[in-house]
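*Asks:* Below are the sequence and a predicted model for it; my questions follow.
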Amino acid sequence: MSFLFRRLDPAEVRSALVIQTCNHDLFGHVVADARRRFTSARIGVVIQRGMSLYLPPLPVDETWENLRDERSELVGILRKRRFDVVCIVGSGERGFWKLKLLPLLLGAKSVWLYDRHARPKPLSLAQLGDLARGLFGGFSYRLDSRRLLAPVTFWRLWRFYRRRKSLGPPPKEIAPAPD
């Protein structure tokens, strides 16, 4: 979380990652802005499964597709790259909450948050509340108890399935012997 306290000059950025957390039209604008802003950087993108058909040609150096069965491998690959900047879009669209948490796992030096008009801001403590509201219900919704309890609910479900998985498969029922 050190990215909350750092300010990187765009001219110093050597590698940037743009994560698709929005629709394909807005994503094209965000990638174009990242290319324009970080002129000397190698830019990579993480796109949703099956979205490559809908995306316009992107000015990027590397592309990774977010496949369901290879997610942990993808996180490992991206962590090894040690990106200077990770860009995400907080456009208020529902979903994508796991991908919006990805910058926390990657250990980037700086995180840039784009709004629904493709305007960027380096993420700081001031924007952290906006991002949290976007993760659990969008920017246009009021914050109520259900949204405040969402992380607790997620944790309880995770713990339940973790315990269930550690117990192994359920025992097979033994059919009574025929008479």
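*Replies:* Noted; the coordinates are in hand. Residues are numbered from 1 along each chain as shown.

*Asks:* Quick check: can you list the domain ranges of this structure?
*Replies:* Annotated domains of the chain cover 2-135, 140-168 [automatic domain parsing].

*Asks:* how far out from the middle of the chain is the longest one?
*Replies:* With Cα atoms, centre = their mean, to the nearest Å as the basis, domain 2-135 stands 7 Å off its chain's centre.

*Asks:* Now the domains of the chain in CSV, please, with extra columns for mean pLDDT, distance to P178 and mean neighbour count.
*Replies:* Where C-beta positions appear, they are placed from N, C-alpha and C, glycine not excepted. Formatted as CSV, the domains of the chain follow (pLDDT from 0 to 100; distance: least, Cβ to Cβ, whole Å; neighbours: other Cβ atoms under 10 Å):
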stretch, mean pLDDT, distance to P178, mean neighbour count
domain 2-135, 79, 42, 17
domain 140-168, 72, 29, 10
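
*Asks:* list the contacts for L149?
*Replies:* Not one residue lies near L149 by Cβ atoms under 8 Å, 6 or more residues apart in numbering.

*Asks:* Need the phi and psi values for it.
*Replies:* Dihedral angles of L149 (phi, psi; degrees, to the nearest 10) stand at phi -90, psi 0.

*Asks:* For I77, see how far away it is.
*Replies:* Distance check for L149 against I77: by Cβ to Cβ, to the nearest Å, it reads 34 Å.

*Asks:* again, but for T63
*Replies:* 12 Å.

*Asks:* Counting by contacts, list what the longest strand along the chain packs against.
*Replies:* Assignment by DSSP state E gives strand 42-48 as the longest strand of the chain. Applying 3 or more Cβ pairs under 8 Å, 6 or more residues apart in numbering; DSSP states H and E, we find strand 42-48 packed against strand 15-19, helix 24-37, strand 62-66, helix 71-81.

*Asks:* Which stretch among these approaches R49 most closely?
*Replies:* R49 lies closest to strand 62-66 among the helices and strands packed on strand 42-48, at 5.7 Å (Cβ to Cβ).
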